[in-house]
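In: Structure of the sequence below:
(chains A and B)
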There are 2 protein chains.
Amino acid sequence: MKSVIPVELPQQSYDIAIASGGLEQLGNWLIGHGSQPLKLGKKILLVSSPPIFKHYGTQAITSLEQAGFTVAQCILPAGERYKTPASLQKIYDVALENRLERSSTILALGGGVIGDMAGFAAATWLRGINFVQVPTTLLAMVDASIGGKTGVNHPHGKNLIGAFHQPKLVLIDPQTLKTLPAREFRAGMAEVIKYGIIWDAELFEKLEQSQRLDQLRYVSDDLLQEILTRSCQAKAHVVSKDEKESGLRAILNYGHTIGHAVESETKYKIVNHGEAVAIGMVAAGQIAVALDMWEQASSDRQLALLEKTGLPTKLPGGLDIEAIAASLLTDKKVKDGRVRFILPTQIGTVTITDEVPADVIRQVLHAMQQT
Amino acid sequence: MKSVIPVELPQQSYDIAIASGGLEQLGNWLIGHGSQPLKLGKKILLVSSPPIFKHYGTQAITSLEQAGFTVAQCILPAGERYKTPASLQKIYDVALENRLERSSTILALGGGVIGDMAGFAAATWLRGINFVQVPTTLLAMVDASIGGKTGVNHPHGKNLIGAFHQPKLVLIDPQTLKTLPAREFRAGMAEVIKYGIIWDAELFEKLEQSQRLDQLRYVSDDLLQEILTRSCQAKAHVVSKDEKESGLRAILNYGHTIGHAVESETKYKIVNHGEAVAIGMVAAGQIAVALDMWEQASSDRQLALLEKTGLPTKLPGGLDIEAIAASLLTDKKVKDGRVRFILPTQIGTVTITDEVPADVIRQVLHAMQQT
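Out: This next block holds a predicted model:
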């Protein structure tokens, strides 16, 4: 199975290819796979993390070398806490050792953290060289690898240092999901369900039809291809309409307003990003219902789908509602002291508003406390 | 006196304003000075170096505050050896402390090093915020501040880490040149003479008409305004035709091929950048004459003008010609092992070639040794 989704941007367009077994053909994909040639130089710097490189490194490098590329590698510890200027410096050092040129390519093989760092290195080495994304987590496949956001964390804040830098190709091999831990699979599914709510009612319905969604092995190959294709289409459509995040792109933050506050208040230790988004989507849904913008029945369907996926739908225990409310006001999405919410009006459609009364937020959060 | 030069780019256009006394009006310039409003946010982070900030800091900040801006400052040590990721981190730290937002502005007040670092911080803070250049050296005014190149050095190589990030405004106040050391003034004049050769024969002739050019005080206000305006026009024209340096922009490297090799072989300690470019222009001119591309008389005029400006026209003593030849081959501008030269064909016109025989280069360099 194979889908190719074009991402049309004013300055540079590129493809997202979803191809089972694509990693074995990585070298050919980079040459251009018969369609339009990618015109990458001969040198590739592969950036990956130890577990991913252990599983897929040899396969990737073999395929690249067979296609005539020279491959250097930089293996960085995985995890958000390593997404730092220090890790970035390691990529630069390998780039220098291997004399990467303006025509050379940095290739990210891994999850979102690897993609963000490798992409930022590509954005800033010699003022910008080629970049290719080969995401290996569901979250990176359907979200982080598309849209050109790259960067590292400042010691005191996430994603403060970065650049927009579009890849030349995103190659998604669904087979790499087989080694993904189940909890990370579910975290990615939270973003998939998000696309169902904000953009694609048909995707939402297809997910509803599946018996179980809490582990990859319950998901048929056909449904997985559909999940990846439709999610990437949704994200590609939104980012191509709004490359630099000035308008439409905001809808991608559905579930993220309260999600970020929950992540931040639990110090990124209790829930992962996808789980926080799941909680945030439940909250946004119930706010929309409270404001008479969304039907209770739709909110219930969202809740049921998240539960079937094994995602949390209640706030983590012991969380202070007032601390969440305060944290909302320091969120990046706050404008003039008003919290901006993305709220559903139907399954498949959302609206943006900063008119949510604080007491409605509190009421919804109280109802979401663990009993 | 005042000139405004528009720089037209596909994504974003901006003005270079050359205005005597402009620094006193800095705040008004940033509001938009009556013409099109610049739409900058309220917060400005001013980046400068100690000597420049001592001379002009108060004036700049007062004017900005009077125009309603809130100003934070980051004063960094001046000099190429401080153009590092560590200095960059200091700008990020101040940006975080002062909660710079996407609508905020980083303003560089200083020479090329300050502009490069501040520009790169603006390119990468929150994936890109507003940037304003207020260059205070002649070199930064006519070269570094225009064109959007920003970056820092890697410990083992200059300008390896960077981004293209266009300013919203370049404000040049010629009066700030009064505190510029004479040697730095002459270094800037090397780039001015370069524009005469590659682009603007009239500028070249006007320079020839001036009795002395080795110190600012011998240059009339009219001529200075003309020098700045014509140089900025030349650079603005070239970079707007070729924003990302894929073609025409190469002509700006006239004198830089051998210039870089001289700088690098003398470990950046004997000659400064402008002096190295002066030496490189003499060499390129004599190569062009040797290849029958340029008249001896024109090469002599170039030599006379450089001498009148007090710039070096011979190689620094004790330099190994073979080392220079070897260094040329590791220059960034080398393509497929051939050295690319920008060579004059008339005063005001150059051509690009990689067909210069190695023995011609050696011959010219030998003739340029100190006797």
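In: Which positions in the stretch 51-200 of chain A make contact with chain B?
Out: A:85, A:89, A:92, A:95-96, A:120, A:123-128, A:149, A:151, A:154, A:156-157, A:160-164 (CB under 8 Å from any CB of the partner chain). Heads up, the C-betas are built off the backbone N, CA and C, glycines and all.
In: let's see 10 Å
Out: A:85-86, A:88-89, A:92-93, A:95-97, A:99-102, A:120-121, A:123-128, A:148-152, A:154-157, A:159-165 (CB under 10 Å from any CB of the partner chain).
In: Now do the helices in the stretch 1-150 of chain A.
Out: A:26-31, A:50-66, A:85-97, A:112-124, A:138-139 (DSSP state H, counting those that start in this stretch).
In: ok and the fourth one relative to helix A:50-66, angle-wise?
Out: Translated: helix A:112-124. 50 degrees (axes from the mean of the first three to the mean of the last three CA atoms, to 10 degrees).
In: Span of stretch A:60-79 from start to end?
Out: Stretch A:60-79 has its terminal residues 22 Å apart, counting by CA to CA, to the nearest Å.
In: got the buried residues for stretch A:134-144?
Out: Buried positions in stretch A:134-144, judged by neighbour count with 16 or more other CB atoms under 10 Å in any protein chain shown: A:134-144.
In: Tell me which of those fall in strands.
Out: Residues of the buried residues of stretch A:134-144 located in strands (DSSP state E): A:134-135.
In: Count the residues that sit near residue A:154.
Out: Neighbour count for residue A:154, taken as other CB atoms under 10 Å in any protein chain shown: 18.
In: Quickly list what it is bridged to.
Out: Taking DSSP bridges, one obtains residue A:157 as the residues bridged to residue A:154.
In: Including mean pLDDT and distance to residue B:295, could the helices of the stretch 1-150 of chain A go into TSV?
Out: Formatted as TSV, the helices of the stretch 1-150 of chain A follow (pLDDT from 0 to 100; distance: least, CB to CB, whole Å):
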stretch	mean pLDDT	distance to residue B:295
helix A:26-31	95	49
helix A:50-66	97	52
helix A:85-97	96	43
helix A:112-124	98	44
helix A:138-139	97	66
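In: contacting residues around the lowest-mean-pLDDT helix or strand in chain A?
Out: Every helix and strand of chain A was ranked by mean pLDDT, DSSP states H and E. The lowest is helix A:321-328, at a mean of 86. By CB atoms under 10 Å, 6 or more residues apart in numbering or on different chains, the residues outside helix A:321-328 that reach it are A:257-258, A:260-266, A:283, A:315, A:320, A:334, A:339-341, A:356, A:358, A:361-366, A:368-369.
In: Now for whichever residue of the stretch 1-150 of chain A sits closest to chain B, how many residues are close by?
Out: Residue nearest to chain B within the stretch 1-150 of chain A (CB to the nearest CB): residue A:127, separated by 4.5 Å. Residues near residue A:127, counting by other CB under 10 Å, number 22.
In: And the one 4 residues further on, by the same measure?
Out: Burial measure for residue A:131: 27 neighbouring residues, criterion other CB under 10 Å.
In: dump the residue contacts of it.
Out: By CB under 10 Å, 6+ apart, residue A:131 lies in contact with A:14, A:40, A:105-108, A:115, A:118-123, A:125, A:148, A:150, A:165-170.
In: after the least confident helix or strand of chain A comes which helix or strand?
Out: Note on helix A:321-328: by DSSP states H and E, the next helix or strand toward the C-terminus is strand A:341-346.
In: re earlier: any idea which of the helices of the stretch 1-150 of chain A gets closest to residue A:204?
Out: Closest to residue A:204 of those, according to CB to CB: helix A:138-139, at 16.8 Å.
In: Determine the set of other helices and strands touching the closest one.
Out: On a contact count with 3 or more CB pairs under 10 Å, 6 or more residues apart in numbering or on different chains; DSSP states H and E, helix A:138-139 meets helix A:182-198, helix A:221-241, helix A:273-290.
In: if we go to 7 Å?
Out: If you count contacts as 3 or more CB pairs under 7 Å, 6 or more residues apart in numbering or on different chains; DSSP states H and E, helix A:138-139 packs onto helix A:182-198.
In: Can you name the next helix or strand after the helix it packs on?
Out: Sequence order places helix A:201-209 as the next helix or strand after helix A:182-198, per DSSP H and E.
In: Residue A:242 and residue A:249 touch, don't they?
Out: Yes - proximity of residue A:242 to residue A:249 meets the contact threshold set by CB atoms under 7 Å, at 4.2 Å.
In: tell me, what's touching those two both at once?
Out: Listed contacts common to residue A:242 and residue A:249 are nil; contacts here mean CB atoms under 7 Å, 6 or more residues apart in numbering or on different chains.
In: Determine the number of other residues adjacent to the residue nearest to residue A:295 when sequence neighbours are not counted.
Out: Of all residues not flanking residue A:295 in the chain, residue A:289 sits nearest, at 7.3 Å (CB to CB, 6 or more residues apart in numbering or on different chains). Neighbourhood size, residue A:289 [other CB under 10 Å]: 19.
In: One more: the one 5 residues further on?
Out: One way to gauge burial is a neighbour count; for residue A:294, by other CB under 10 Å, it gives 25.
In: got it, and residue A:73?
Out: Residues contacting residue A:73 under the criterion other CB under 10 Å number 17.
In: which residues touch it?
Out: Counted by CB under 7 Å, 6+ apart, residue A:73 has contacts residue A:46.
In: Enumerate the beta-bridge partners assigned to it.
Out: With DSSP bridges applied, the residues forming beta bridges to residue A:73 are residue A:46.
In: Tell me where the model's unsure across chain A.
Out: A:33-36, A:245-246, A:330-337 (pLDDT under 70).
In: The residue nearest to residue A:295 touches residue A:296, doesn't it?
Out: Yes - Residue A:289 sits in contact with residue A:296 when judged by CB under 7 Å, with a separation of 5.4 Å.
In: Pop the domain breakdown of chain A in here.
Out: A:2-176, A:182-367 (automatic domain parsing).
In: winner for burial among those domains?
Out: domain A:2-176 (a mean of 20; mean count of other CB atoms under 10 Å in any protein chain shown).
In: Just list the residues touching the closest residue to residue A:294 other than its chain neighbours, thanks.
Out: Distances taken as CB to CB, 6+ apart place residue A:288 nearest to residue A:294, at 3.7 Å, with adjacent residues excluded. Going by CB under 7 Å, 6+ apart, residue A:288 touches A:294, A:343-344.
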